[in-house]
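Chemist: Pasted the sequence and its predicted model underneath.
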Amino acid sequence: MGVLFNRSKVPILTQMMVEEISSFNTLLDNLSQGSLDLIPTCRALEADIVSRFAFGSSIGAIESLMEGEELQIVKENDLKSSKMSLHTNFPSIMRTYDMIGEVTSRVTGWGGSSKSSKEFEGWASEQLKLAADSEKAPEVSFLKVMAGERISPESALSESKEMLGPGTDTTSATLAHILWALSLNQSLQDDLVSDLKTANWTTDMTELESIPRLAACVKEGIRWTGAASAMLPRIVPTGGSLLAGKHIPGGTMISSSPIWYLHDETAFPGPHYYRPNRWLEREDEDSVTLRSDYYIPFSKGSSTCIGNHFAYLELYLSVSQILKKYRIQQLEKSTINVDVEATLPPRLEWVAAVPTGKLQVVVSKRLL
Ligand code: HEM
């Protein structure tokens with residue numbers, strides 16, 4: 001799988017992402033009075049980017065929002081992840097629950113979920129056929145690279161479908177939080193825009209990551225949002241293991257969540273505030289080491305997130321290309337001239353962390 005997430009593939013990925021961000025900016029152009037909830041809007045952008053990467057063709061989430069509706073299958077990812085702990089702990093009850101839902105939907109026609117899942121299944125199978133067609137196949141897609149060559153077409157299709165959840169919710173929630181935080185702090189937004197302008201609004205990954213304020217805003221966004229909040233289970237190997245001085249018997253399930261580290265008060269004082277400056281300020285060596293030890297948003301080891309570099313590229317490009325066209329502000333005129341350090345909005349922490357309210361902002365065309 002690494003073959004596609006490799007650094008050498010960055011130029012192809014960049015082009016694809018910039019095209020999707022440009023469609024997203026067209027959506028922002030069309031929004032009435034520029035007012036929007038960042039959560040579903042950013043989710044549409046990231047769903048189109050990830051689906052285009054996975055299948056070679058975007059799933060049409062931005063197009064659907066242009067017509068005034070969030071694409072059902074994308075919306076359901078949140079719902080699906082909120083039920084994940086029930087599926088893990090009570091698999092038979094949940095299987096029965098799903099079966100009843102399926103039968104009810106067939107008999108009464110009620111239940112949008114299964115209809116949109118079926119439409120998605122049909123669309124995904126169509127993409128598999130296209131990937132095998134030498135004339136119509138997209139230039140690059142996970143499905144095209146994997147199907148037949150490395151794994152069976154069925155497994156490649158299943159992996160592509162699975163990617164939509166972890167690839168969309170995490171990055172989109174992070175982007176939504178960053179843009180929302182910037183809407184509360186116009187001075188920070190202006191300074192960032194000035195840096196990006198000086199760098200000629202570059203889309204080159206190496207140049208983007210060398211803009212200190214952009215790197216800090218994205219890194220702090222990933223830390224602060226802590227989008228992958230799931231308890232990640234691991235089984236202790238046969239023979240047991242020594243953990244923090246204690247012997248843990250083989251076969252024991254242990255787990256921890258990335259947000260325990262990302263929101264640790266000692267490593268990140270004021271953990272629930274969005275403070276990009278914490279990555280820019282010169283501090284003593286111990287604080288810097290502690291901070292880098294606790295920055296584990298993508299997990300570690302053999303099960304680390306495969307989309308790590310992909311996510312950084314998406315966030316650098318999305319933040320810079322959106323700010324290039326738009327100023328993002330709060331709805332209330334009274335807050336426009338007051339810079340506020342954003343506080344983490346209320347959320348549910350299931351598999352992905354999902355805000356319970358809206359992240360509402362207004363966007364207006366930027367005069368450069
Ligand atoms: C800010 C963005 C993201 C964060 C914070 C994040 C975090 C994580 C974490 C913590 C894991 C679990 C690793 C473990 O089990 O130890 C994971 C798994 C995974 N991630 Fe990401 N991720 C992000 C973006 C992405 C993107 C953009 C993609 C794909 C394009 C992706 C694809 C995956 C996949 C396929 C898995 C494995 C899922 C599984 O084993 O079922 N992630 N991610």
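Modeler: Perfect, thanks for sending it. This structure is a prediction, so every number in the text was calculated from the model and none was measured. Residues are numbered from 1 along each chain as shown.
Chemist: where does the protein have low pLDDT?
Modeler: Scanning the chain with the threshold set as pLDDT under 70 gives 1-5, 32, 77-90, 102, 105-106, 108-114, 149, 333-337, 368.
Chemist: From the centroid of it, which residue is nearest?
Modeler: Nearest to the geometric centre of the chain sits residue 171, at 1.5 Å (Cα atoms, centre = their mean).
Chemist: That residue and residue 289, how far apart?
Modeler: In this view, residue 171 and residue 289 are 28 Å apart by Cβ to Cβ, to the nearest Å. Placement of C-beta: from N, CA and C, glycine included.
Chemist: can you check residue 122 too?
Modeler: Distance check for residue 122 against residue 289: by Cβ to Cβ, it reads 51 Å.
Chemist: How about the residues of this protein by the ligand?
Modeler: 50, 163, 166-167, 170-171, 174, 222, 227-228, 232, 258, 297-299, 303-307, 310-311 (Cβ under 6 Å from any ligand atom).
Chemist: Helices - which of those residues land there?
Modeler: Under the assignment DSSP state H, these contribute 50, 163, 166, 167, 170, 171, 174, 222, 258, 310, 311 to helices.
Chemist: okay, now the closest residue to residue 128 other than its chain neighbours: neighbour count?
Modeler: Distance criterion Cβ to Cβ, 6 or more residues apart in numbering; nearest residue to residue 128, sequence neighbours excluded, is residue 157 at 5.0 Å. The local packing of residue 157 (other Cβ atoms under 10 Å) involves 22 other residues.
Chemist: now swap in residue 56 and tell me
Modeler: Residue 56: 23 neighbours (other Cβ under 10 Å).
Chemist: Surely it touches residue 138?
Modeler: Yes. Using Cβ atoms under 8 Å, residue 56 is in contact with residue 138, at 3.0 Å.
Chemist: joint contacts of these two?
Modeler: Residues touching both residue 56 and residue 138 by Cβ atoms under 8 Å, 6 or more residues apart in numbering: 130, 131, 144.
Chemist: among those, who's most crowded?
Modeler: If you rank the shared contacts of residue 56 and residue 138 by neighbour count (other Cβ under 10 Å), residue 131 sits at the top with 25 neighbours.
Chemist: ok, then the element right after the helix or strand hosting that residue?
Modeler: With secondary structure defined by DSSP states H and E, residue 131 is part of helix 112-132. For helix 112-132, the following helix or strand on the C-terminal side (DSSP H and E) is helix 142-146.
Chemist: quick one: contacts for the residue of the chain found nearest the ligand?
Modeler: The ligand sits closest to residue 307 of the chain, with a gap of 2.2 Å, by Cβ to the nearest ligand atom. Residues near residue 307 by Cβ under 8 Å, 6+ apart: 5, 163, 166, 167, 170, 171.
Chemist: that older thread, wait, the residue nearest to the centre of the chain touches residue 312, no?
Modeler: No. Taking contacts as Cβ under 8 Å, residue 171 lies outside contact range of residue 312: 9.4 Å.
Chemist: Please name every helix or strand in contact with the longest strand along the chain.
Modeler: For the chain, the strand with the greatest residue count under DSSP state E is strand 360-365. On a contact count with 3 or more Cβ pairs under 8 Å, 6 or more residues apart in numbering; DSSP states H and E, strand 360-365 meets strand 35-37, helix 153-184, strand 326-329.
Chemist: buried ones in that strand?
Modeler: By neighbour count with 16 or more other Cβ atoms under 10 Å, strand 360-365 contains the buried residues 361, 362, 363.
Chemist: now do stretch 245-258
Modeler: 257, 258.
Chemist: bridging residues for residue 147?
Modeler: residue 151 (DSSP bridges).
Chemist: so what's it up against?
Modeler: Taking Cβ under 8 Å, 6+ apart, one finds 128, 131, 132, 153, 156, 157 in contact with residue 147.
Chemist: at 7 Å what do you get?
Modeler: 128, 131, 132, 153, 156 (Cβ atoms under 7 Å, 6 or more residues apart in numbering).
Chemist: Residue 348 and residue 354: what is the separation?
Modeler: Counting by Cβ to Cβ, the gap from residue 348 to residue 354 is 5 Å.
Chemist: which of these two has more neighbours?
Modeler: Shown here are residue 348 and residue 354; by other Cβ under 10 Å, residue 354 has more neighbours (19 against 13).
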